[in-house]
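[1] The following comprises the amino acid sequence and a computationally predicted model.
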Amino acid sequence: MKTDTLLFIVDPQNDFCDPRGTLSIAGAEGDMKRLASYLAFQGDRIDHVVVSLDSHHTFDIAHPSFWVDSRGMNPPPFTVIGEENLGEYRPSREDLYGEWANFYVRKLERLGQYKLMIWPEHCLIGSWGHCVYPDLFRELQHWERRKKKQVEYVLKGMSPKTEHYSVFHAEVEDREDEKTLLHEKLLTLLLRYRAVYIGGEASSHCVRSTVEDLVEYMDPEKIALLQNAMSPVKGFEEEEKVFFREMQELGVRLERI
């Protein structure tokens, strides 16, 4: 029976969801097991599945190797670089990225949502950490076999010049890099569906940014957040609460599976 229902899973990858991952999120392993069970028992009611994959290279504006201090040392993970401490750090390839990096950090400040966070190297293309959490991946395969359809995988984050929390576009778009601009094809796909259910990682960052973009184009009442299929990055629990509250005020449904 056709239900016009789409399941959108944001960044369900080992580096976020497995305790051994370089950016493991507390609670994410349980989130993935619940999503796998949801697909196993409710998959026949789902018409389409979209999975986004955070996809980075080692050299990335949000990874340590992009930046150096006055001694030539890379900043440790979880360093925050804002306008107030730009002088402490410069790009390790200043010849290529010096002007852009200053613009980027200041632009983030003006957008008012995030400062530049230096993350541990994560979701490196080709690595174990880039792969979908195995329990969920098995159920995605089973869903493809049962439905005779393909899961749509969407990669984000390949540009070295900008973070890419939202699936739809980078934090700061680079007009010279099409991959950082609005993903109009994906947006058009989602707008076809009567109901879009969203889970994945992390509710404080990539899920939040993705949904905040989506509600600008889609009727919020068509969107449901699967609350027990997403978790925040440690230290950003309040951001998750704000996200849930703001989306609920817009009409987005909060559900559990």
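    Sure thing, it's come through.
[2] what ranges do the strands span in the stretch 51-200 of the chain?
    Here the stretch 51-200 of the chain has its strands, by DSSP state E, counting those that start in this stretch, at 67-68, 80-81, 90-91, 116-117, 152-156, 195-200.
[3] which other helices and strands contact the first one?
    Looking back up the chat, that one is strand 67-68. Contacting strand 67-68 under the criterion 3 or more Cβ pairs under 8 Å, 6 or more residues apart in numbering; DSSP states H and E are the following elements: strand 90-91. Glycine gets a C-beta too; all of them are placed from N, C-alpha and C.
[4] For Val211, give its distance to Arg106.
    As judged by Cβ to Cβ, to the nearest Å, Val211 and Arg106 stand 26 Å apart.
[5] ugh, wrong one, I meant Gln13
    Distance from Gln13 to Arg106, by Cβ to Cβ: 30 Å.
[6] Between these two, tell me which one has more neighbours.
    Ranked by neighbour count (other Cβ atoms under 10 Å), Gln13 and Arg106 place Gln13 first, with 30 against 14.
[7] I'd say the more buried one and Leu136 touch.
    No: the criterion here is Cβ atoms under 8 Å, and Gln13 misses it with Leu136 at 9.7 Å.
[8] does Gly21 count as helix, strand or coil?
    Recorded secondary structure, Gly21: coil (DSSP: H, G, I helix; E, B strand; the rest coil).
[9] Could you report the neighbour count for it?
    20.
[10] mind checking pLDDT for it?
    Per-residue pLDDT puts Gly21 at 98.
[11] And for Ile46?
    pLDDT, read off for Ile46, is 97.
[12] and what of the one 5 residues further on?
    We have a pLDDT of 98 for Val51.
[13] and the gap between the nearest residue to it once chain neighbours are set aside and Val215?
    Closest residue in space to Val51, ignoring its immediate chain neighbours: Ile9 at 4.8 Å, by Cβ to Cβ, 6 or more residues apart in numbering. From Ile9 across to Val215, the span is 18 Å (Cβ to Cβ).
[14] returning to what we had before: got phi/psi on the residue nearest to Val51?
    Backbone torsions of Ile9, given as degrees, to the nearest 10, read phi -110, psi 120.
[15] you'd agree it is up against Glu139?
    No: using Cβ under 8 Å, Ile9 is not in contact with Glu139; the gap is 10.6 Å.
[16] Name the residues contacting each of those two.
    Common neighbours of Ile9 and Glu139 (criterion: Cβ atoms under 8 Å, 6 or more residues apart in numbering): Leu35.
[17] Could I get the full set of helices for the chain?
    14-17, 28-42, 94-111, 134-147, 184-191, 206-214, 237-250 (DSSP state H).
[18] quick one: average pLDDT of the first one?
    Okay, so that is helix 14-17. 98.
[19] Who are the packing partners of that helix?
    Going by 3+ Cβ pairs under 8 Å, 6+ apart, helix 14-17 lies up against helix 28-42.
[20] Now do the helix it packs on: everything it contacts.
    Contacts of helix 28-42 (Cβ under 8 Å, 6+ apart): 7, 9, 12, 16-19, 46, 49, 133, 135-136, 138-140, 142-143, 199-202, 226, 228-231, 257.
[21] For Trp143, which non-adjacent residue is spatially closest?
    Nearest one to Trp143, counting by Cβ to Cβ, 6+ apart, is Gly43 at 4.6 Å.
[22] so that neighbour makes contact with Glu139?
    Yes: using Cβ under 8 Å, Gly43 is in contact with Glu139, at 7.3 Å.
[23] Lovely, talk soon.
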